[in-house]
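# Sequence plus predicted model, see below.
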Amino acid sequence: MTWRTRTAIFCVLVLAVCIAWDILARVFGGEGATISWLVIDSAYRWPILSFAAGVLCGHLFWRAENKTGVT
């Protein structure tokens, strides 16, 4: 198994855990306990978080130089 495959599996697992957690938080803790509520509330309190999230998304989704042959 390559590191690329492991990374893909890791990302899928993290996403699945976040979705499961959000559902459980909503069911047992109410709307204010969800990840999205926390992110929105935090963004209003600390606007730099929105900027940092934008930088992170730009880093993740900007097309990098093709060094590995993967397109």
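Yep, that arrived.

# helices and strands around the helix or strand hosting residue 53, which ones?
Residue 53 is located in helix 48-61, with elements delineated by DSSP states H and E. In this structure, helix 48-61 makes packing contacts with helix 35-45, judged by 3 or more CB pairs under 8 Å, 6 or more residues apart in numbering; DSSP states H and E. C-beta: built from backbone N, CA, C; applies to glycine.

# Kindly calculate the angle that the helix it packs on makes with helix 48-61.
If you take axes from the mean of the first three to the mean of the last three CA atoms, to 10 degrees, helix 35-45 sits at 120 degrees to helix 48-61.

# mean confidence score for the helix holding residue 53?
Helix 48-61 carries an average pLDDT of 92.

# change the start of the numbering to 54 and stick with it
Understood, numbering begins at 54; the last thing we discussed is helix 101-114.

# Could you list the residues in contact with it?
Contacts of helix 101-114 from elsewhere in the structure, counted by CB atoms under 8 Å, 6 or more residues apart in numbering, are 92, 95-96.

# Check stretch 65-78 too.
Under the criterion CB under 8 Å, 6+ apart, residues 86-89 lie in contact with stretch 65-78.

# List only buried entries from these.
In these, burial by neighbour count holds for residue 87, counting by 16 or more other CB atoms under 10 Å.

# now the contacts of helix 101-114 as TSV including neighbour count?
Output for those, formatted as TSV (neighbours: other CB atoms under 10 Å):
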residue	neighbour count
92	12
95	13
96	14
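
# about what we covered before: between all of the contacts of stretch 65-78, which two are at the greatest distance?
Across those, the two members that end up farthest from each other (CB to CB) are 86 and 89, 10.4 Å apart.

# Now do the helix ranked longest in the chain against helix 88-98, angle only.
When every helix of the chain is counted residue by residue (DSSP state H), the longest turns out to be helix 56-82. Interaxial angle of helix 56-82 relative to helix 88-98 (the same axes, to 10 degrees): 90 degrees.
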